[in-house]
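Peer 1: Only the shape, not the letters, is given here:
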């Protein structure tokens, strides 16, 4: 009996579960405003862990609403990625001091979960309207979360900037979608590939506009301006998540719109995307060099990483797509870990400047070593995850004989290593002003160590991860 | 498979590094002893390797094989041929001498020895790896610890270079160890970016099935591809070999690095660059090598003359030695560009000769600095009466540097020059010989000024002690080997030739 009622909604199981969790978290704040902020955090975390466990047990298959909601291998992979990153972020948030929430803990976690719900639906969406709605469901809570510390002036500025840029990009995205709909007469994504193959100009125009809209979201140059201000303004554990999950969502949309079923017609995009990738890599890295604030530095270096991900798109191949997913996982652990270390140092020193990191190795060796591992991974040094990620992307590119682009990417890595090394030198070579260890909350430390383990394990043994991402990517081609 | 002698040679420094980090905290004697034991083990086994190497059968020997990532064709595959054999021996000798030369490292000695030994594992691994991917990983291990070694234990230069480009040097802050460390690391990593792209290009062109050198060697790559992949390898490895104009990291880096690091870096790591060009560039992209030999040779000529002239204008003793490396690495590159048997043999022999000689020089400069606390050539004088041992060793090293017969340097330069004369561009001989002439000027000038000239009246330079105790080990070992190879060059030339001839045959320039 039970099975009979639930069976039709089985593909939506994760989303329904997450919705229930959202209701619980929201009602905790609504009906008992005195609920400690930490408690809502723990509830959200436990719920997320359960859902993550379920997500890892789910096997691909099943669709709803006449195929517009599909749980294929890519969707399952993406859902796992989003859930893991959200769980790490919520875990790290537990380490934040309660007064920063000002009794609004349930709002905060509700917004995080709402955005996550958007991402989960997005990864399964095979229809343009659903895609757009879930994209907005993902984005709007992010604006709110950026300005969450409403008494802080920079938070207001960052949130407004993010909101304006984000709304414009959504408008462009929708404008592009309208062209696609106009040309094909359907909102089914599968129709796009067919229309592209027939050489429809309006579909092409629509897709270029959509790409600009997505470009804002993933912060590819020249649509990256909002990134450093937003990152600097928002609370760091949230930024850790913001810097990874919505970017990954952007790439899932790219896969769906441009690559899925497109075959060789997707080659049209190669010049545009490879030029954008090269510019993003170069500009992101160069702008990161003069930064004096670690969050801004990581923001610009994050822009450069988007360039590497776009390089994988420019390969237009199953291996390129798979390696984007691999890169995203490596980036998840590396970048989130780095931001969480920034949170640990920042909350102790009340500063995110490079100077706050002086002699960190002598103050808190574990924290310094973790941050070093994250930076090395982001820089692409062997034996940590980022190295394989870059290597695989280069290999995918070289497979398509784009040697020049690979060389630009490889050389820009050295530029990136410069600023990562400058920060490492601060930690390891200089003497600390204040020799006290950095106080660090236990949940935050656990989150950092989780990321460090992820980076090291991926670096030491990439084989199973490669197999997983290739399984997810092969369905697209 | 038998006893994995190459793996033991490669990993024994690494294991000693682990032991040092785990068990020797605050016990400096134990740190040093562990370092010496680890490096001695490598040295003894390298010598054993030399005697067990079959000089008649050419090709790779002592194979070890362990699959790592079979799906991508990455395997841990070690083996050495003639070149690998002699360069492994060179690394072991320099590491052995270096672990004695670091005896006086006071601050954070534990980390210093651990990083030094880690670096050596990387170098051994590069010379023994047959798998390109593992080769690259070892290469990175050899390059990365350098940053910390120089930035923490290095020294900030006293004398800033003057002259035409003096203003530029002042602006970028030459002389600080942090600057030198960052410059060196970025240059070398930039090189490795080229290497990586070149390697991946060959890998995919060969069908993405194997990173093995032996497999890739059999593939006949498209000449167009070979042409630019060779250039990538040349630039990528050439940065490490100090080719003009990518050599500027070398004087700053070597002058700022602590003694043992300068010894290993100038003595062995620069060879690693030349070895890479020879092994991967000439071995995998032979057509590209033949096509671009004119460029390699011409730049080598610039290196020889320009390096020697720069060394001549330095006032800081360590910068003189560092620039002389740039000049001597030019001889290495010139030798291989000749594409003749003598030239390539001379090139590899020069790697050995220069490795030993520059190791000796840096050890001696380190000793002089420890005793006199100065590197300024024109302030010091008449040290021979106070430190006869150091002076004699320095003079012998200097003779090898300027190519006096009965030293290893002579054999190397002589062979290279014969090769240059036989090559398609016999004019290369002129800058080569000119460089040797300039070398004699700056070497003899330094020897005369510091050791045998008029005694300095500076009160700081009175009653300085000679080397003592463990300090002798590095000096005696290196001097003896320098003379030994000068008198009996066939010890090295035998195995080198077994690899050179098949390569030239394969490249189609020799029948």
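Peer 2: Received it, and whenever you're ready, just let me know what you need. Just so we're clear, the structure is a prediction, and the values are computed from it rather than from any experiment.

Peer 1: The host helix or strand of residue B:393 - contacts with which helices or strands?
Peer 2: According to DSSP states H and E, residue B:393 maps onto helix B:388-401. For helix B:388-401, the packing partners by 3 or more CB pairs under 8 Å, 6 or more residues apart in numbering or on different chains; DSSP states H and E come out as helix B:341-372, helix B:408-422, helix B:429-446, helix B:471-487. (C-beta placed from N, C-alpha, C; glycine too.)

Peer 1: Please tabulate those in TSV and include mean neighbour count as additional columns.
Peer 2: What follows is the helices and strands packed on helix B:388-401, written out as TSV (neighbours: other CB atoms under 10 Å in any protein chain shown):
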stretch	mean neighbour count
helix B:341-372	27
helix B:408-422	25
helix B:429-446	20
helix B:471-487	20
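
Peer 1: tell me the SS of residue 67?
Peer 2: Since you didn't name a chain, this refers to chain A. Secondary structure, DSSP: H, G, I helix; E, B strand; the rest coil: residue A:67 is coil.

Peer 1: hmm, I had chain B in mind actually
Peer 2: Going by three-state DSSP: residue B:67 is strand.

Peer 1: residues in contact with the residue of chain A found nearest chain B?
Peer 2: When scored by CB to the nearest CB, chain A has residue A:410 as its residue closest to chain B, at 3.5 Å. The contact partners of residue A:410, taken as CB atoms under 8 Å, 6 or more residues apart in numbering or on different chains, are A:390, A:394, B:193, B:194, B:196, B:197.

Peer 1: Residue A:362 now?
Peer 2: Neighbours of residue A:362 in contact, by CB under 8 Å, 6+ apart: A:431, A:432, A:435.

Peer 1: Relative to residue A:372, how far out is it?
Peer 2: 13 Å (CB to CB, to the nearest Å).

Peer 1: re earlier: pretty sure the residue of chain A closest to chain B sits in a strand.
Peer 2: No - secondary structure of residue A:410 (three-state DSSP): helix, not part of a strand.

Peer 1: Spatially, what comes nearest to it if we skip its sequence neighbours?
Peer 2: Of all residues not flanking residue A:410 in the chain, residue B:193 sits nearest, at 3.5 Å (CB to CB, 6 or more residues apart in numbering or on different chains).

Peer 1: And for residue B:187?
Peer 2: Residue B:187's closest residue in space is residue B:249 (CB to CB, 6+ apart), at 4.0 Å.

Peer 1: burial count for the one you found?
Peer 2: If you count neighbours by other CB atoms under 10 Å in any protein chain shown, residue B:249 ends up with 22.

Peer 1: what does the one 4 residues further on give?
Peer 2: Number of residues near residue B:253 (other CB under 10 Å) recorded here: 29.

Peer 1: for it, what are its contacts?
Peer 2: With CB under 8 Å, 6+ apart, residue B:253 has these contacts: B:146, B:150, B:180, B:181, B:183, B:184, B:265, B:322.

Peer 1: go again using 6 Å as the cut-off
Peer 2: Applying CB atoms under 6 Å, 6 or more residues apart in numbering or on different chains to residue B:253 gives the contacts B:180, B:184.

Peer 1: go on, the one 5 residues further on?
Peer 2: Residues counted as contacts of residue B:258 (CB under 6 Å, 6+ apart) are B:153, B:154.

Peer 1: Can you report phi and psi for it?
Peer 2: phi -70, psi 160 (degrees, to the nearest 10).

Peer 1: what's the spacing between it and residue B:153?
Peer 2: Taken as CB to CB, the span from residue B:258 to residue B:153 is 4 Å.

Peer 1: per-residue confidence for the residue nearest the centre of chain A?
Peer 2: The residue lying closest to the centre of chain A (CA atoms, centre = their mean) is residue A:244, at 2.0 Å. At residue A:244, the model reports a pLDDT of 92.

Peer 1: Spatially nearest residue to it, not counting backbone neighbours?
Peer 2: residue A:332 (4.9 Å).

Peer 1: Same question for residue B:67.
Peer 2: residue B:75 (5.2 Å).

Peer 1: Please name the residues that touch that neighbour.
Peer 2: B:67, B:68, B:131.

Peer 1: hmm, try it at 10 Å
Peer 2: B:64-69, B:130-131, B:133-134, B:210-212 (CB atoms under 10 Å, 6 or more residues apart in numbering or on different chains).

Peer 1: And for residue B:481?
Peer 2: Per CB under 10 Å, 6+ apart, neighbours of residue B:481: B:89-90, B:93, B:97, B:352-353, B:355-357, B:359-360, B:408, B:491.

Peer 1: mind running it again at 6 Å?
Peer 2: residue B:356.

Peer 1: And the pLDDT for residue 135?
Peer 2: Going with chain A. On the pLDDT scale, residue A:135 gets 91.

Peer 1: look at chain B instead
Peer 2: 91.

Peer 1: tally of neighbours for it?
Peer 2: Neighbour tally, residue B:135, other CB under 10 Å: 22.

Peer 1: what do you get for residue A:58?
Peer 2: The burial count for residue A:58: 17, using other CB under 10 Å.

Peer 1: Flag the shaky bits of the stretch 151-300 of chain B, pLDDT-wise.
Peer 2: Across the stretch 151-300 of chain B, the ranges flagged by pLDDT under 70 are B:157-175.
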